[in-house]
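Q: take this sequence and fold it.
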Amino acid sequence: MKYRRNNGSQLPPEGWHYARIASVREGKQAMTSFGPSDTAVFTFVTDNYAAVTQSLLMAPGVNFLLERLIDSALETDADEVDLYDLVGKRCGIKVEYREWKGKVYANVVDVCAVDELQEVDEDEEGGWLRSSYSRN
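A: Predicted structure coming up:
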């Protein structure tokens, strides 16, 4: 049996993707302009099987992205959330490339609920979520 290796880019295309939260773990402490902040490291897997790992700040008010992720993936308004409850949940993620120390990385720069992606796709002629699930 033969297998052809994929030596191309493993990065998902830039733009919006349907994704599932595959894992979450405790990250390293990060220094912000407001002082130190704990981080949570999320791994998202897109519908076309590309994985994107993103570290999110956990300090209240410092990074709205974690709040948006919780609101998008969980239906709760609880004051305290167990981040492990997000594993397995679906959401929309916006991927952008960033260069750091000479390498290009995929970063999650925005999130939304799956139904928000579906609404936009249905509203726009031809939709903007094509086979690669990317927004052009």
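Q: when you work out contacts or count neighbours from here on, use the C-alpha atoms and nothing else.
A: Fine.
Q: what about the helices in this structure?
A: Shown for the chain, the helices assigned by DSSP state H span residues 64-73, 114-123.
Q: so which of the ones you listed is the most surrounded?
A: The highest average neighbour count among those, using mean count of other Cα atoms under 10 Å, belongs to helix 64-73 at a mean of 19.
Q: gap between that one and the chain center?
A: What separates the centre of helix 64-73 from the centre of its chain is 10 Å, taken as Cα atoms, centre = their mean, to the nearest Å.
Q: and it, what other elements does it pack with?
A: With contacts defined as 3 or more Cα pairs under 8 Å, 6 or more residues apart in numbering; DSSP states H and E, the secondary structure elements packing on helix 64-73 are strand 51-57, strand 90-100, strand 103-112.
Q: just these: most buried one?
A: Among the helices and strands packed on helix 64-73, strand 51-57 has the highest mean neighbour count (mean count of other Cα under 10 Å), at a mean of 21.
Q: which residues touch it?
A: Residues from elsewhere that reach strand 51-57 (Cα atoms under 8 Å, 6 or more residues apart in numbering): 11-12, 27, 30, 37-45, 63, 65-66, 106-108.
Q: repeat for stretch 85-104
A: Outside stretch 85-104, the residues that touch it by Cα under 8 Å, 6+ apart are 12-24, 69-70, 72-74, 105-114, 117.
Q: swap in stretch 112-119?
A: Everything outside stretch 112-119 that qualifies as a contact, by Cα under 8 Å, 6+ apart, is Tyr18, Arg68, Leu69, Asp71, Ser72, Ala73, Arg90, Cys91, Gly92, Ile93.
Q: give me the beta-bridge partners of the residue nearest to the second one when sequence neighbours are not counted?
A: Counting by Cα to Cα, 6 or more residues apart in numbering, Arg68 lies nearest to Val111, which is 6.5 Å off, once chain neighbours are set aside. When assigned by DSSP bridges, Val111 has beta-bridge partners Ile93.
Q: isn't Val111 up against Phe64?
A: No. Counting by Cα atoms under 8 Å, Val111 does not reach Phe64; the two are 10.2 Å apart.
Q: now find how far off-centre stretch 60-72 is within its chain.
A: Distance of stretch 60-72 from the chain centroid (Cα atoms, centre = their mean) equals 12 Å.
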